[in-house]
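Engineer: sharing a model prediction with you, sequence too.
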Amino acid sequence: MPEVQRKPKITASRKLLLKSLMLAKAKECWEQEHEEREAEKRRYLAERIPTLQTRGLSLSALQDLCRELHAKVEVVDEERYDIEAKCLHNTREIKDLKLKVLDLRGKFKRPPLRRVRVSADAMLRALLGSKHKVSMDLRANLKSVKKEDTEKERPVEVGDWRKNVEAMSGMEGRKKMFDAAKSPTSQ
């Protein structure tokens, strides 16, 4: 059965038109929501902050009004400070709880370990505690090596390589190499 090409349910132009209509509707809803928020903000401020009538007030009345406003500002600052302190306390508590959760899961960040030099005696003392009384001398079990043995293994002396290159250069050097190659086979 040959495969039949299916036609898309929506044409590309129709799809583009619907997309543009959806974007226009979303923009309209967003603007309306923004206006509602602004209106709510204005209403709240009008309710909380009455308009000041300073015309026709005497000096003492203006001073009383200033004192009253300063008292309100102090109250608001105290509330703001209390709210900030609560917020800081909550963020610290959240951070501590997150660390506890990570510790319980076992996915905490491991600190980098330092290399510590410990002798065998100290290691045994740490493992066995007070039971360990014998001191281990690990070097006593090592095999002693004489200096003469090491010198016999290395009889070849390293010389100046430039002298060797100069001696082997030219036809004489090639003749020496040819003679040297011949002599071990003849013996």
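Structural biologist: Yep, that arrived. Residues are numbered from 1 along each chain as shown.

Engineer: mind pulling up the pLDDT for residue 83?
Structural biologist: You'll see residue 83 listed with a pLDDT of 96.

Engineer: burial of it, as a residue count?
Structural biologist: Per other Cβ atoms under 10 Å, the neighbour tally for residue 83 reads 10. The C-beta positions use only the backbone N, C-alpha and C, and glycine is treated the same way.

Engineer: just give me the neighbour total for residue 121.
Structural biologist: Around residue 121 there are 14 residues (other Cβ under 10 Å).

Engineer: mean confidence for the one helix or strand it maps to?
Structural biologist: According to DSSP states H and E, residue 121 maps onto helix 120-128. For helix 120-128, mean pLDDT rounds to 76.

Engineer: and if you look at stretch 22-42?
Structural biologist: Here the average pLDDT along stretch 22-42 is 96.

Engineer: okay, how far is it across stretch 123-142, tip to tip?
Structural biologist: 20 Å (Cα to Cα, to the nearest Å).

Engineer: and the helix holding residue 121, what's buried?
Structural biologist: Neighbour counts over helix 120-128 (16 or more other Cβ atoms under 10 Å) mark 124, 125 as buried.

Engineer: tell me the SS of residue 55?
Structural biologist: Reduced to three states with DSSP: H, G, I helix; E, B strand; the rest coil, the structure at residue 55 is coil.

Engineer: so it versus residue 61, what's the distance?
Structural biologist: Separation of residue 55 from residue 61 (Cβ to Cβ, to the nearest Å): 11 Å.

Engineer: okay, those two: which has more neighbours?
Structural biologist: Between residue 55 and residue 61, residue 61 has the larger neighbour count (other Cβ under 10 Å), namely 11 against 5.
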